[in-house]
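**Q** could you look at this predicted model? Sequence included:
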Amino acid sequence: MSHGAGCLCGAVRVAIDAEPLLARACWCRLCQYLAAGNATVNVVFPADAVTAEGEVRWYASVADSGNQMHRGFCPQCGTQIFSKSDARPNLLIVRSGALDDPDLLAPQATIWTSAAPAWACFDPELPRFERQPPPIG
């Protein structure tokens, strides 16, 4: 099955030819910047199954995990669309809010809870990790 994603202004469109591998809510400090103080919801796909049309600008930084991360966004409207790690080039994260169907896969865990603000709300049904859980794939 294929899935789509894109930005607020429509300048970037994404085609995904795979089912998601997992989804997590991340409270690391960098994700809080991206999500205006909240957690990001990240859906992981095989990188080779994702293609984008339109300009995606990338910003590189070192995450709390120590991994070199690249975050992709639309330079016209600023919508955060992607994240990828040098440590796992076979995986690509698509922000849940950029998906055409944000209900595609709900978070299956909450990570980096140790960095969350005191007011953060966690789903009691989801496993929680204070820091980075073991990698997938």
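**A** Okay, I see it.
**Q** can you spell out which helices and strands pack onto the helix or strand bottoming out on mean pLDDT in the chain?
**A** For the chain, counting by mean pLDDT, DSSP states H and E, helix 29-34 ranks last in confidence among helices and strands (a mean of 92). Applying 3 or more CB pairs under 8 Å, 6 or more residues apart in numbering; DSSP states H and E, one finds that helix 29-34 contacts strand 40-46. Glycine gets a C-beta too; all of them are placed from N, C-alpha and C.
**Q** with only the CA atoms kept, save the strand it packs on in CSV.
**A** C-alpha atoms of strand 40-46 as CSV (Å, rounded to 0.1, in the frame of the first residue of the first chain):
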residue,chain,number,x,y,z
THR,A,40,7.2,15.1,18.0
VAL,A,41,5.3,12.1,16.7
ASN,A,42,7.7,10.2,14.4
VAL,A,43,6.7,7.4,12.0
VAL,A,44,9.6,5.3,10.7
PHE,A,45,9.7,3.9,7.2
PRO,A,46,12.4,2.1,5.1
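**Q** heads up, I number from 111, so please use that
**A** Okay, residue one is now 111; in that scheme the one you just asked about reads as strand 150-156.
**Q** what separates it from the chain centre, distance-wise?
**A** 4 Å (CA atoms, centre = their mean, to the nearest Å).
**Q** what does stretch 188-207 give?
**A** Counting by CA atoms, centre = their mean, stretch 188-207 comes out at 5 Å from the chain centroid.
**Q** export that stretch to PDB, keeping only CA atoms.
**A** Taking C-alpha atoms only, stretch 188-207 is exported to PDB below (Å, rounded to 0.1, in the frame of the first residue of the first chain):
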ATOM      1  CA  GLY A 188       8.600  25.700   7.400                       C
ATOM      2  CA  THR A 189       6.700  22.400   7.900                       C
ATOM      3  CA  GLN A 190       8.900  19.700   9.500                       C
ATOM      4  CA  ILE A 191       8.600  16.600   7.300                       C
ATOM      5  CA  PHE A 192      11.600  14.300   7.800                       C
ATOM      6  CA  SER A 193      14.300  13.200  10.200                       C
ATOM      7  CA  LYS A 194      17.200  10.800   9.500                       C
ATOM      8  CA  SER A 195      20.200   9.600  11.400                       C
ATOM      9  CA  ASP A 196      23.700   9.000  10.000                       C
ATOM     10  CA  ALA A 197      23.700   5.900  12.300                       C
ATOM     11  CA  ARG A 198      20.700   4.300  10.500                       C
ATOM     12  CA  PRO A 199      20.700   5.400   6.800                       C
ATOM     13  CA  ASN A 200      18.200   2.600   6.000                       C
ATOM     14  CA  LEU A 201      15.500   4.400   8.000                       C
ATOM     15  CA  LEU A 202      13.600   7.600   7.400                       C
ATOM     16  CA  ILE A 203      11.300   9.300   9.900                       C
ATOM     17  CA  VAL A 204       8.200  11.100   8.600                       C
ATOM     18  CA  ARG A 205       6.500  13.500  11.000                       C
ATOM     19  CA  SER A 206       3.000  12.200  11.800                       C
ATOM     20  CA  GLY A 207       1.500  15.600  11.200                       C
END
